[in-house]
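Engineer: got a structure for you, letters missing:
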């Protein structure tokens with residue numbers, strides 16, 4: 001069974017359709033593979049270590065190509081993080097948005113040639129940089145063909161045929177229809193699901209899959225034996241597409257249910273509901289339907305999602321069997337099950353740092369601090385402000401208090417921290433104590449509203465990273481105020 005790393009986005013079609021069982025088409029994506037190849041050799045999203053190593057050890061890894069890769073990275077860093085959230089959808093449904101990176105992935109999957117890819121993406125980037133980018137893509141096309149695509153064509157064709165055979169045997173459209181009913185979703189019967197495969201040479205290694213609109217780009221390891229497991233990954237991605245196709249009114253019902261819940265576990269449950277359901281349905285239910293038994297290995301790389309998906313699987317399976325749709329009783333069950341599996345979730349740094357306000361003094365760049373934080377924890381939302389000794393930072397902090405984010409302060413200068421703490425009521429009882437600590441370290445506490453505060457007193461980013469690593473091992477924040485010295489083991 002394949003453990004997957006994934007990202008996703010679904011572009012909304014604004015018309016409501018009655019659902020039927022659409023067809024599922026499996027095809028090969030040469031241009032998608034080329035685009036993924038470029039992302040891998042430039043350390044982009046969903047980069048493949050296998051592909052990168054093949055390129056690094058080839059004669060094509062020369063000075064001229066290295067310069068072109070650097071320029072590709074510059075263009076990507078400038079423009080590919082641009083994102084547009086669709087209006088009037090719940091803010092916590094982050095997948096209800098459009099972004100440049102996923103749009104390029106979608107168009108690469110649909111393109112027949114580099115010229116076709118170029119035409120499909122005009123006006124998304126500034127014209128000059130768009131042309132620069134495609135000059136680079138065109139240059140690397142022959143490299144990709146020689147290193148990856150041409151040597152893989154025979155095995156990729158056989159892999160595609162095996163997936164098609166499993167799809168036919170399992171009656172995939174019927175499974176799709178049952179999943180649509182479960183999600184209370186909509187999908188037009190005239191809109192097929194397009195699974196587009198591209199090759200990764202080898203038998204083992206990390207692969208990625210995603211769902212973009214009606215298309216599921218899928219990396220496949222050419223020599224792997226677990227084709228049924230790969231099919232489970234396909235259905236996992238399809239499930240994301242179905243979830244994202246739910247009517248706005250139903251999305252709001254789910255959102256309001258978790259928002260109004262009195263359980264302190266509701267937000268944590270909601271944050272992994274999409275991934276948990278897709279894992280339970282794709283890696284659990286679809287896999288069992290095809291193989292005749294439940295996969296006993298891990299279903300997902302991240303253990304919170306893996307355990308949650310396995311925990312809710314019996315109920316998901318029951319709803320699918322009885323053609324029931326997600327309802328409030330099911331959502332209550334999910335919260336209850338999450339609490340059973342993760343009773344200390346409300347003290348977990350992994351959960352507490354999902355949404356943060358980050359302030360730094362003048363010795364630390366807030367952007368770099370945020371980048372370092374995301375290297376160690378899955379931070380969804382982040383507001384940053386620096387220096388902390390400034391009225392604009394206080395305004396930023398005050399605005400952030402309306403949300404349930406954690407507060408992180410990184411400082412070296414006692415004078416700046418003293419000024420900031422005098423303006424923040426929650427810090428006043430602890431300010432003097434924090435400044436008197438002789439060694440670098442971290443002071444943590446919950447305020448009266450149970451909002452977590454993490455105050456890093458450090459001299460440099462090396463010390464900041466050292467403490468972040470320690471938090472990963474500690475896992476849970478203490479309910480009472482606590483000091484962790486950098487010298488603690």
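Structural biologist: Here it is on my side, so go on. The shown structure was predicted, so the numbers you read here are calculated from the model rather than taken from an experiment. Numbers count the residues shown, from 1 in each chain.

Engineer: from here on, just use CA atoms for contacts and neighbour counts.
Structural biologist: OK.

Engineer: read off the pLDDT value for the closest residue to residue 466 other than its chain neighbours.
Structural biologist: Excluding the flanking residues, the one nearest residue 466 by CA to CA, 6 or more residues apart in numbering is residue 486, at 7.4 Å. Looking at residue 486, its pLDDT reads 84.

Engineer: I'd like the distance between the residue lying closest to residue 291 once chain neighbours are set aside and residue 165.
Structural biologist: Nearest non-adjacent residue to residue 291, counting by CA to CA, 6+ apart: residue 228, 7.1 Å away. The spacing between residue 228 and residue 165, counted by CA to CA, to the nearest Å, is 11 Å.

Engineer: of the two, give the one with the bigger neighbour count.
Structural biologist: Higher neighbour count among residue 228 and residue 165: residue 228, with 21 against 12, using other CA atoms under 10 Å.

Engineer: tell me which element that one falls in.
Structural biologist: helix 227-244 (DSSP states H and E).

Engineer: in that helix, what counts as buried?
Structural biologist: 227-244 (16 or more other CA atoms under 10 Å).

Engineer: same check, this time on stretch 430-437
Structural biologist: 431, 434-435.

Engineer: out of those, which sit inside strands?
Structural biologist: Assigned to strands by DSSP state E, none of the buried residues of stretch 430-437 qualify.

Engineer: and the strands in the chain?
Structural biologist: Under DSSP E, the chain gives strands at 5-9, 24-28, 83-85, 97-99, 193-200, 208-212, 215-221, 355-360, 381-385, 406-411, 441-446, 452-457, 482-485.

Engineer: nearest to residue 301, of these?
Structural biologist: Within these, the stretch nearest residue 301 is strand 5-9; the backing value is 7.0 Å (CA to CA).

Engineer: gap between the residue nearest to residue 466 and residue 29?
Structural biologist: Separation of residue 486 from residue 29 (CA to CA): 50 Å.

Engineer: quick one, domains of the chain?
Structural biologist: For the chain, automatic domain parsing gives the domain ranges 5-339, 347-485.

Engineer: distance to residue 41 and mean neighbour count for the strands of the chain - can I get that in TSV?
Structural biologist: Below are these laid out as TSV (distance: least, CA to CA, whole Å; neighbours: other CA atoms under 10 Å):
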stretch	distance to residue 41	mean neighbour count
strand 5-9	18	17
strand 24-28	21	17
strand 83-85	24	12
strand 97-99	22	18
strand 193-200	13	24
strand 208-212	15	24
strand 215-221	15	25
strand 355-360	31	25
strand 381-385	28	17
strand 406-411	34	24
strand 441-446	38	21
strand 452-457	36	23
strand 482-485	40	16
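
Engineer: quick one: closest of those to residue 268.
Structural biologist: Nearest to residue 268, of all those, is strand 355-360, at 11.4 Å by CA to CA.

Engineer: what are the bridge partners for residue 194, then?
Structural biologist: Listed beta-bridge partners, residue 194: residue 25, residue 215 (assigned using DSSP bridges).

Engineer: ok, it - contacts?
Structural biologist: Neighbour list for residue 194: 24-27, 214-216 [criterion: CA atoms under 8 Å, 6 or more residues apart in numbering].

Engineer: which of these sits closest to residue 418?
Structural biologist: residue 216 (52.2 Å).

Engineer: show the contacting residues for the closest one.
Structural biologist: Residue 216 makes contact with 193-196, 209-210, 234, 237-238, according to CA under 8 Å, 6+ apart.

Engineer: how about 10 Å then?
Structural biologist: For residue 216, the contact set (CA atoms under 10 Å, 6 or more residues apart in numbering) comprises 8, 26, 105-106, 109, 193-197, 209-210, 234-238, 240-241.

Engineer: against residue 180, how distant is it?
Structural biologist: 17 Å.

Engineer: likewise for residue 27?
Structural biologist: 23 Å.

Engineer: where does pLDDT dip in this protein?
Structural biologist: For the chain, the stretches flagged by pLDDT under 70 are 1-21, 488-489.

Engineer: could you redo the last one with a cut-off of 80?
Structural biologist: Within the chain, the ranges that satisfy pLDDT under 80 run 1-22, 45, 81-85, 91-97, 205-208, 380, 404, 487-489.

Engineer: where do the helices sit along the stretch 351-489 of the chain?
Structural biologist: Along the stretch 351-489 of the chain, counting by DSSP state H, counting those that start in this stretch, helices occupy 366-376, 391-400, 414-421, 431-436, 461-474.

Engineer: so the residue nearest to residue 466 is in contact with residue 471, correct?
Structural biologist: No - between residue 486 and residue 471 there is no contact under CA atoms under 10 Å: 11.0 Å.

Engineer: and for those two, which residues touch both?
Structural biologist: Common contact partners of residue 486 and residue 471 (CA under 10 Å, 6+ apart): residue 442.

Engineer: the stretch 1-150 of the chain: helices as residue ranges?
Structural biologist: Remark: helices assigned in the stretch 1-150 of the chain by DSSP H, counting those that start in this stretch are 30-41, 49-56, 63-79, 100-110, 114-120, 127-144, 150-169.

Engineer: next, the angle strand 193-200 makes with the second one.
Structural biologist: Right, helix 49-56. Angle, helix 49-56 to strand 193-200, by axes from the mean of the first three to the mean of the last three CA atoms, to 10 degrees: 50 degrees.
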